[in-house]
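J.: Just to be clear, the model below is a prediction. Sequence and coordinates:
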Amino acid sequence: MDSSKKQLRIATRNCGFIDPENIEDYLGVRGYEALANAITASTPAAVIDEVKKSGIRGRGGGGFPTGTKWSFAAANQADQKYVVCNADEGDPGAFMDRAVLEGDPHSVVEAMALCGYAIGASIGVVYIRAEYPLAIKRLKKAIDDAREYGVLGQNILGSGFSFDIELKYGAGAFVCGEETALIRSMEGSRGEPYTKPPFPANAGYWQKPTIVNNVETFANIPAILVKGADWFSSIGTEKSKGTKVFALAGKITNVGLIEVPMGITLKEVIFEIGGGCPDGKQFKAVQTGGPSGGALTYKDADVPIDYDNLLAKNSMMGSGGMIVMDEDTCMVDIAKFFLDFTMDETCGKCTPCRIGSKRLWETLDKICLGQGSEADFEKLKSLAVNIKDTALCGLGQTMPNPVLSTMNTFADEYIAHVRDKKCPAGVCSNLLEIVIIPEKCVGCTLCARVCPVNCISGKVKEVHTIDQAVCIKCGACIDKCKFGAIVKQ
Amino acid sequence: MAKIQSIADLRKFQEDYKAKQAAKKDKILVNVSLATCSIASGGKVILEAMKEESAKQGIGNVEFMQSGCMTYCHSEPTVVVTLPGKDPVCFGKLDETGARELVQKYLKSGEVCGTVIPVNYIRVEL
């Protein structure tokens, strides 16, 4: 492989290359060929076999082998089965599903029909968040066009196989990305998860066998079937095949969407593709798996990224958000940020998640305010482990991950907060003092004039001082000082 | 539109597409990224500006198309321009002025200007 080209685009192969609103563009790049071949010249079992052989695992988070999932639903006898596309992308900073739906909606339509053929379903449903109006518009057009061209609907290509797709809109609740909550929401009930088993592949939407796959998983399927399972399984690591789309966000120079082969190292992603942190700042950590994942640091720079290695590092693949943090990020504050998100998004059905998230957040807040003790540090850990073990669904079970992983990797930062009452990154304002360096202060009075609480005193051309008892640590004086004489400590 | 009935029909679309692409080889192709985020950062504005400027400059053999995400959030809005016989070049960080300049320089005389984004991926083609 050309060493300057670290990325390999399979799921996003057509994004940015074809007109997403023109089915003939998609047909031109061998679109619907996999479907046509399958329904006219193959068998459902052969399709499942090929998907199994490719080794593809679910791209939505958990990483369950897709072919195996399909075979469960295929083995069930039922008068109706369903194919569901999970387009309820909710991780903060993740937008790969939107990119695929807006850039190449037909690949998802085709893959859903293929899945329908493989498991014996005639109805597909895309559960998509209403906040994605352009994705919805393009997907709707794709479905309409596919029907008009005869690659969707009744008796496709005269094969006797019928499949149609409808859309269901989600209101944007994070928990509805969890498959059982998603199914409840599609049925018109509250978006709350239920205990598995029964797994959706046995009894899902309206209690019928249902396959729920993520957008990115589907986008890979036509490529696998056209180019073959052997080709696909030659990419990636032993247990994680193919590529993964990541959304690089945060303190990184090249913010953007990337698709890389599984097994690429963190170093390659952050420094070679991402271009490192902007403004010459030091790279500190990267949060993978969004609010359900954990932080990887420079120590993990050579770890090949795949499902199992990330799990071993107390993180997870998740849907592929990568939030990069530089030296100015406080890890306790970051853990609090993610808990703030999950605390808002918990559906409230089970106690560990509903109350646990609140208590976790409160403890973190206490530590950030400088009121935490070492006992709190221990309590945080045991609470986090308990929530992980007892919560009902994936949201609750993974919600403590940001806490556990930052406690693990950045224990010194937690200790600094609780024991020394210091925030090493200089973020937690209660643990900081804003001070004027006498040698640098020229007495221009600019800081005193901008201070909203008038806590800076000093005469013109004399060194100024800050009254710490009154200071609210807003930092306005730091921004105003032209001599770099005011610093946070 | 007659429905696709067979694999042979499907092949015809592939042939047609190839022929259409081949017929475009003497044209200047301008592909503007128009996903939600690209539009929010001004994709539609630069598309209009480039269309208008091309007309003003008397460049007739140009064809515009829209596509989805080009993955370069750091440099949106982005445009890929393919001059006849040349490799596609991706330009980013455009605004209306930059888009007009692109037409006046690159489209008109092949003079590279503005921010060029190097291709850092391999696209799997089926």
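T.: That came in fine, so what should we check first? Predicted model, so just to flag it, every value in this text is computed and none were measured. Numbers count the residues shown, from 1 in each chain, chains lettered A, B, ... in the order given.

J.: What count of nearby residues applies to residue 79?
T.: Defaulting to chain A. Applying other CB atoms under 10 Å in any protein chain shown, we find 5 residues neighbouring A:Asp79. Any C-beta I mention is one placed from the backbone N, CA and C, and that applies to glycine too.

J.: To clarify, I was referring to chain B.
T.: There are 25 residues near B:Val79, going by other CB under 10 Å.

J.: ok, whichever residue of the stretch 101-250 of chain A sits closest to chain B - contacts?
T.: Nearest residue of the stretch 101-250 of chain A to chain B: A:Gly103, at 2.2 Å (CB to the nearest CB). Contact analysis of A:Gly103 by CB atoms under 8 Å, 6 or more residues apart in numbering or on different chains lists A:Thr12, A:Asn14, A:Cys15, A:Gly16, A:Pro20, B:Ala35, B:Ser67, B:Gly68, B:Cys69.

J.: cool, A:Leu248 as well?
T.: A:Asn254, A:Val255, A:Gly256, A:Leu257, A:Ile258, A:Val269, A:Ile273, A:Gly274, A:Met322, A:Val324.

J.: That one and A:Leu266, how far apart?
T.: Taking CB to CB, to the nearest Å as the measure, A:Leu248 and A:Leu266 are separated by 12 Å.

J.: near chain B, which residues of the stretch 151-300 of chain A?
T.: The stretch 151-300 of chain A comes close to chain B at residues A:151, A:157-158, A:222-223, A:226-227, A:253-259, A:273, as judged by CB under 8 Å from any CB of the partner chain.

J.: Low-confidence stretches in chain B?
T.: Along chain B, segments meeting pLDDT under 70 span B:1.

J.: quick one, helices of it?
T.: For chain B, helices defined by DSSP state H occupy the ranges B:7-23, B:36-40, B:43-56, B:96-102, B:108-109.

J.: Let me have those helices in TSV, adding mean neighbour count and distance to chain A as columns.
T.: Below are the helices of chain B laid out as TSV (neighbours: other CB atoms under 10 Å in any protein chain shown; distance: least, CB to the nearest CB, whole Å):
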stretch	mean neighbour count	distance to chain A
helix B:7-23	14	2
helix B:36-40	19	5
helix B:43-56	18	11
helix B:96-102	19	18
helix B:108-109	12	24
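
J.: before we move on, back to that, can I get the contacts of A:Gly103 in CSV including neighbour count and distance to A:Met343?
T.: Converted to CSV, these look like this (neighbours: other CB atoms under 10 Å in any protein chain shown; distance: CB to CB, whole Å):
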residue, neighbour count, distance to A:Met343
A:Thr12, 30, 33
A:Asn14, 29, 39
A:Cys15, 29, 34
A:Gly16, 26, 37
A:Pro20, 32, 37
B:Ala35, 30, 31
B:Ser67, 26, 39
B:Gly68, 30, 34
B:Cys69, 29, 31
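
J.: What strands flank the worst-scoring helix or strand of chain A on mean pLDDT, and is each parallel or antiparallel?
T.: Here the helix or strand of chain A ranked lowest by mean pLDDT, DSSP states H and E is strand A:486-488, holding a mean of 89. The strands beside strand A:486-488 in its sheet (DSSP bridges) come out as strand A:434-436 (antiparallel).

J.: which residues touch the least confident helix or strand of chain A?
T.: A:426, A:432-437, A:447, A:466, A:473, A:475, A:477-478.

J.: Select from those the one having the most neighbours.
T.: Highest count within those by other CB under 10 Å belongs to A:Cys447, 25 neighbours.

J.: Now do it against chain B, distance only.
T.: According to CB to the nearest CB, to the nearest Å, A:Cys447 stands 35 Å off from chain B.

J.: Tell me the secondary structure of that residue, please.
T.: Look at A:Cys447: counting by DSSP: H, G, I helix; E, B strand; the rest coil, its state is helix.

J.: need the contact list for it.
T.: A:Cys447 touches A:Ile436, A:Ile456, A:His464, A:Cys477, A:Lys480, A:Cys481, A:Ile486, counting by CB under 8 Å, 6+ apart.

J.: which residues are contacting stretch A:129-137?
T.: A:87-90, A:98, A:101-102, A:105, A:128, A:167, A:169-172, B:35-36, B:39.

J.: Quick check: strands, which of those are part of them?
T.: By the criterion of DSSP state E, membership of those in strands covers A:Ala87, A:Ile128, A:Leu167, A:Tyr169, A:Gly170.
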